[in-house]
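Q: Sharing a model prediction with you, sequence too.
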Amino acid sequence: MELHNSKHMVLLSSTGLGHLIPVIELGKRFLFHHNFKVTILAVTSQTSEAETQILNSSPCHVIQIPSPDLTGLVHQNDAVVARICIMMRAAVPAIKSIISKITPRPSALIVDLFGTESIPIARELNILSYVYVATHAWLLALLVYSPVLDVQVKGQYVDLTEPLKIPGCSPIRPEDVVDPMLDRNDRQYKEYLTIGNGIQKSDGVLANTWEELQRKDLQALRDGGLLSKVLNMRIPIYAVGPLVRQPELEPSSSTKSLLTWLDQQPNESVLYVSFGSGGTMSYEQMKEMALGLEMSGTRFVWVVRAPNEGATDAAFFTTGGHDNDDKMCKYLPEGFVLRTREMGRLVPEWAQQETILSHGSIGGFLSHCGWGSTLESIINGVPLVTWPLYSEQRMNATLLAEELGVGVRPKVLPTKEVVGREEIARLVREVIGQNEKVKSNPVRRRVKEIQHSAVSALSKGGSSYVALSQVAKTIGRE
């Protein structure tokens, strides 16, 4: 008879900060709140300095699995989703070997979205398996329903004139679909459908959202809900978020210098500008961004990354590389750095975002709308200027601006057209205005309400705390 350690679990993460950070934060909740031993298996690109730093600072036991040799498996034009899926599939033998050698055997395997093809390992080892969806319930609904849409819809989704209907959930506009759905002939679309089908093979799903935020979508997904009935979906759905990275106890020297400057600024007067761990923009858009920030007259902290004329996710596998002020100046309009030296601060490549967002002088966040960044903004009560670039970010932007009311958005999608400086200045002023306007700002009021809801959900006795406790009890009984 196999011996299991009912208080030991393995979490599997794919590469990329947007995947890795939520997995580590979930592991920390099990470790500190439910007394589990947690082992994190991280399949890494080994090209991201920020990824390495975060792995090394994790309180959980981390085993890094270097990216397998993908020669002949990945094509030059393959998108990020396809590359990660192929990487995770090629790593399955190494993942199985590591888990099989852990003694006594853990009682559960929790995989991120890109790790669903490792679920059969749990079946073979007779342990529980869960999928951790580090994003929101509306996206989860679209993902599991996509295999049905694949049969129902003819032609390209983006050519449709009516929104895609998801039983029991809000419909989604064709232009807001996730990147893999933009081209049904692309390799990443087939990988995306594989993920959607793989989720139901698990023993349950943990989502990085909370009951009070997305009750309608969660009810649709659960047993008895409209979507659940259509899919015959019987696995439990647990809302366990918002799980976000906490501010660093010991900030880096560059962050300390930035915090000193922020200490000198008025409360909620500074706009934080960042496009996540992988986001990039064209040279022309970077120029308009700079001039728009200057035109707004608003204090700002801008995480600057080299422009890219092709992919909007060009930095995904290399986050945290070093750059310097002289090099940054080459990307920006002539004289911009000198003219804005009193009102703004530029940070090369990557910043300790959670530490910056928690500072009292930050009053707005111009963001790519990655879900991790979105949650960090909400948990700190900071309203957003939405600037979606890739992945599910267009969907997130719509959720934030139109359903939740915690953000404002440009009139055109930044991935379709260059957003001009005047429009950027207008959006910034809408989020951060004069003191008397700030107090009556509906977006700011709404984000404070949701912030309170988020904090309550995670607190002892809150909906997310109770949900994760249920998962812990189920695993602990095995």
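A: Nice, I can see it. Values in this document were obtained by computation on a predicted structure and should not be read as measured data.
Q: Every contact and neighbour count from this point should use C-alpha atoms.
A: Noted.
Q: Can you give the domain ranges for the protein?
A: 4-243+460-477, 253-440 (automatic domain parsing).
Q: ranges for the strands of the stretch 1-150 of the chain?
A: 4-13, 37-44, 61-66, 105-112, 128-133 (DSSP state E, counting those that start in this stretch).
Q: Now do the buried residues in stretch 349-356.
A: Judged by neighbour count (16 or more other Cα atoms under 10 Å), stretch 349-356 contains these buried residues: 349-351, 353-356.
Q: shouldn't His8 be in contact with Ser107?
A: Yes - His8 lies in contact with Ser107 (Cα atoms under 8 Å); the separation is 6.3 Å.
Q: shouldn't Ser146 be in contact with Gly196?
A: Yes - assessed by Cα under 8 Å, Ser146 is found in contact with Gly196 at 6.8 Å.
Q: Low-confidence ranges, this structure, go.
A: 1-3, 46-48, 310-326, 434-440, 478 (pLDDT under 70).
Q: gap between Ile84 and Tyr272?
A: 29 Å (Cα to Cα, to the nearest Å).
Q: now swap in Lys201 and tell me
A: For Lys201, the distance to Tyr272 (Cα to Cα) stands at 41 Å.
Q: Looking at the two now, which is surrounded by more residues?
A: Each of Lys201 and Tyr272 has its neighbours counted (other Cα atoms under 10 Å); Tyr272 has more, 25 against 17.
Q: Quick check: that one is in a strand.
A: Yes - the assignment for Tyr272 (DSSP: H, G, I helix; E, B strand; the rest coil) places it in a strand.
Q: And the helices in the stretch 251-400 of the chain?
A: 253-263, 283-296, 325-331, 336-339, 353-357, 371-379, 393-398 (DSSP state H, counting those that start in this stretch).
Q: that older thread, using JSON lines, lay out the domains of the chain together with distance to Arg446.
A: Output for the domains of the chain, formatted as JSON lines (distance: least, Cα to Cα, whole Å):
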{"stretch": "domain 4-243+460-477", "distance to Arg446": "12"}
{"stretch": "domain 253-440", "distance to Arg446": "6"}
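Q: one step back: so which of His8 and Ser107 has more stuff around it?
A: Taking other Cα under 10 Å, His8 and Ser107 do not tie; Ser107 has more neighbours (24 against 21).
Q: give the contact list for the more buried one.
A: Ser107 sits next to 4-9, 127-128, 475-476, 478 when contact means Cα atoms under 8 Å, 6 or more residues apart in numbering.
Q: Return a selection command, for use in ChimeraX, containing the buried ones of those residues.
A: To isolate the buried ones among the contacts of Ser107 in ChimeraX, judged by 16+ other Cα under 10 Å, type:
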select :4,5,6,7,8,9,127,128,475,476
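Q: before we move on, the earlier item: closest one to Ile24 among the helices of the stretch 251-400 of the chain?
A: helix 371-379 (12.4 Å; Cα to Cα).
Q: now what about the closest one, what contacts it?
A: Contacts for helix 371-379 (Cα under 8 Å, 6+ apart): 18, 22, 134-136, 242-245, 276, 354, 357, 365, 367, 383-384, 393, 396, 447-448, 450-451, 454-455.
Q: how about that helix: buried residues?
A: For helix 371-379, by 16+ other Cα under 10 Å, it's 371-379.
Q: Likewise for stretch 211-228?
A: Within stretch 211-228, the residues that qualify as buried are 211-214, 216-223, 225-228, counting by 16+ other Cα under 10 Å.
Q: burial of the residue lying closest to Ser45 once chain neighbours are set aside, as a residue count?
A: Once flanking residues are discounted, Ser45 sits nearest to Ser67: 5.5 Å by Cα to Cα, 6 or more residues apart in numbering. Ser67 has 18 neighbours, counted by other Cα under 10 Å.
Q: Now Ser67: phi and psi?
A: Per-residue torsions, Ser67: phi -60, psi 130 (degrees, to the nearest 10).
Q: wait, what's in contact with it?
A: Ser67 sits in contact with 43-46, 87, 91, where contact means Cα under 8 Å, 6+ apart.
Q: want to throw the contacts of Ser107 into JSON lines with distance to Thr340?
A: Output for the contacts of Ser107, formatted as JSON lines (distance: Cα to Cα, whole Å):
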{"residue": "His4", "distance to Thr340": "60"}
{"residue": "Asn5", "distance to Thr340": "58"}
{"residue": "Ser6", "distance to Thr340": "57"}
{"residue": "Lys7", "distance to Thr340": "54"}
{"residue": "His8", "distance to Thr340": "52"}
{"residue": "Met9", "distance to Thr340": "50"}
{"residue": "Ile127", "distance to Thr340": "57"}
{"residue": "Leu128", "distance to Thr340": "55"}
{"residue": "Ile475", "distance to Thr340": "54"}
{"residue": "Gly476", "distance to Thr340": "56"}
{"residue": "Glu478", "distance to Thr340": "60"}
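Q: Quick check: next helix or strand after the host helix or strand of Leu227?
A: Applying DSSP states H and E as the criterion places Leu227 in helix 226-231. Past helix 226-231, further along toward the C-terminus, the next helix or strand under DSSP H and E is strand 237-239.
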